[in-house]
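Trainee: Okay, predicted coordinates and the sequence, questions at the end:
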Amino acid sequence: MSLPRHIATIVLTLTWLALPIASQAALPPAESSPPIERSPAATEQGTALATLSIKVGDEIIPYPVFAIYLMPGERRSIEPVLETQTSRFEVAAAGGTLESVDSQLLGDGEQAWLWTAPDTPGVYPLTVRRSDDSVMMTVHAFVMTPASDVINGRLNGYRLGGYPQQALRGQAIYDPPEGFVEVTDANRDTRISPHFTLGEFVAKQRSDYPKYVALRERLLLKLEMIVEQLAEAGYQASGLHIMSGFRTPWYNASIGNVPYSRHVWGGAADIFVDEAPKDGVMDDLNGDGRIDVADARVIYNLIETLSQERWYQPFVGGMGLYGPKPGVRGPFVHVDVRGFRARW
């Protein structure tokens with residue numbers, strides 16, 4: 001099959017990451033807020049890719065808007081990638097400390113920066129602009145509230161509960177989160193990728209603001225890939241309905257779910273397509289006149305096909321197929337980025 005634009009970017013990126021270029025050796029690994037500059041929603045079918053890509057920490061971002069999540073004082077590297085010609089870039093930060101990497105440590109014409117997050121939790125927009133044509137990307141950097149601030153299972157009054165004391169099978173991905181993103185009435189509509197906003201991933205439990213979430217950047221990259229693949233396959237999909245994103249340990253236990261659900265770490269989403277009509281239920285994707293598990297299987301099979309590709313390995317994770325529960329919910333698919341294959 002032909003490679004969609006996002007996938008082609010990933011393939012080229014994996015090739016780029018394998019090259020022994022000087023800049024990769026030079027950059028160290030990743031470690032009251034100003035107003036948020038809102039970016040317009042992606043309205044077309046498919047993924048709204050930018051005409052430039054940047055590498056922030058360990059992730060390649062090919063979108064005009066995205067979000068990263070880091071601790072107070074944590075550092076992230078920023079560098080343009082996959083440029084076909086020498087271009088100059090300008091990077092600006094609405095807080096924290098931004099430093100240029102010494103050009104002597106980089107290859108000819110290359111640029112890179114190190115950004116140190118502020119000590120105060122909040123959202124700090126970073127912008128990357130290519131000087132030649134003024135193409136710009138916005139990265140909303142969410143500085144998290146440390147998990148050490150959780151007292152008796154609550155963070156600023158918001159009920160989180162407690163994480164398991166031991167990581168599942170000793171795997172680091174099951175260590176408790178270091179911090180949580182604060183969600184307020186003012187920032188809930190912030191775009192964290194072209195098709196998704198921060199508020200879509202908040203746990204379904206009832207509470208006043210502020211609320212808190214854990215999120216993994218790679219999950220958003222995977223969800224955007226799924227949106228694009230649906231569009232490439234001819235389905236009407238300007239986005240995905242996030243039926244369930246982050247779950248607090250307390251809420252996860254209250255609905256009887258397993259304690260090591262990837263939802264609790266912000267690395268999973270239960271999704272379906274809701275376009276025609278927009279009624280909060282899966283669309284009839286297979287056109288048989290019914291809304292049932294066969295429609296969820298359309299999404300499931302599409303992702304399963306992707307998972308066979310070598311370039312897909314960074315996005316490997318769990319996937320579950322769920323049929324409808326009449327009067328409760330429709331069919332959906334669970335996806336996550338746990339780093340190893342699981343199916344149910």
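Mentor: Sure, I can see it.
Trainee: remind me which residues of this protein are low pLDDT?
Mentor: Where the chain drops to pLDDT under 70, the residues are 1-50, 83-85, 104-105, 107-109.
Trainee: if you set the cut-off to 50 instead, what comes out?
Mentor: 1-3, 5, 8-44, 47 (pLDDT under 50).
Trainee: what ranges do the helices span in it?
Mentor: For the chain, helices defined by DSSP state H occupy the ranges 5-17, 22-26, 217-232, 249-254, 293-307.
Trainee: Next, the buried residues of the fourth one.
Mentor: Spelled out, it's helix 249-254. Pro249, Trp250, Tyr251, Asn252, Ala253 (16 or more other CB atoms under 10 Å). Yep, even glycine has a C-beta here, placed from its N, CA and C like the rest.
Trainee: how does this protein divide into domains?
Mentor: 1-31+47-139, 144-344 (automatic domain parsing).
Trainee: what about the last one, distance to the chain center?
Mentor: Distance of domain 144-344 from the chain centroid (CA atoms, centre = their mean, to the nearest Å) equals 10 Å.
Trainee: measure it end to end?
Mentor: 33 Å (CA to CA, to the nearest Å).
Trainee: now swap in stretch 66-75 and tell me
Mentor: Stretch 66-75: ends 17 Å apart by CA to CA.
Trainee: circling back: now render the buried residues of helix 249-254 as a markdown table, adding distance to Ala233.
Mentor: Formatted as a markdown table, the buried residues of helix 249-254 follow (distance: CB to CB, whole Å):
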| residue | distance to Ala233 |
| --- | --- |
| Pro249 | 36 |
| Trp250 | 38 |
| Tyr251 | 34 |
| Asn252 | 32 |
| Ala253 | 37 |
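Trainee: Excluding chain neighbours, give the residue nearest to Gly306 in space.
Mentor: In this structure residue 306 is Leu, not Gly. Distances taken as CB to CB, 6 or more residues apart in numbering put Tyr312 closest to Leu306, at 5.3 Å, once the chain neighbours are dropped.
Trainee: was I right about that neighbour contacting Thr305?
Mentor: No: under the criterion of CB atoms under 8 Å, Tyr312 makes no contact with Thr305, lying 9.6 Å away.
Trainee: more crowded one of the two?
Mentor: Neighbour tally, Tyr312 and Thr305, criterion other CB atoms under 10 Å: the higher count belongs to Tyr312, 17 against 13.
Trainee: Gly57 - how many residues pack around it?
Mentor: 18.
Trainee: what number of residues lie near Asp119?
Mentor: Residues near Asp119, counting by other CB under 10 Å: 11.
Trainee: From Val143, how far off is it?
Mentor: To Val143, Asp119 is 8 Å away according to CB to CB, to the nearest Å.
Trainee: any shared contact partners between the two?
Mentor: With contacts defined as CB atoms under 8 Å, 6 or more residues apart in numbering, the residues shared by Asp119 and Val143 are Pro72.
Trainee: Once you drop chain neighbours, what's closest to Tyr163?
Mentor: Using CB to CB, 6+ apart, the nearest residue to Tyr163 is Pro176, at 3.9 Å.
Trainee: actually Trp113, sorry about that
Mentor: Closest to Trp113 by CB to CB, 6+ apart is Ile78, at 4.5 Å.
Trainee: Test my guess that that neighbour contacts Trp115.
Mentor: Yes: Ile78 lies in contact with Trp115 (CB under 8 Å); the separation is 6.0 Å.
Trainee: which residues do these two both contact?
Mentor: Val91, Leu126.
Trainee: burial of the residue nearest to Tyr174 when sequence neighbours are not counted, as a residue count?
Mentor: Nearest residue to Tyr174, sequence neighbours excluded (CB to CB, 6+ apart): Ala167, at 3.9 Å. When neighbours are counted by other CB under 10 Å, Ala167 registers 14.
Trainee: For the closest residue to Ser207 other than its chain neighbours, list each beta-bridge partner.
Mentor: Once flanking residues are discounted, Ser207 sits nearest to Tyr158: 5.8 Å by CB to CB, 6+ apart. On the basis of DSSP bridges, Tyr158 is bridged to Leu155.
Trainee: what sits against Tyr158?
Mentor: Tyr158 touches Ser207, Pro210, Lys211, Tyr212, counting by CB under 8 Å, 6+ apart.
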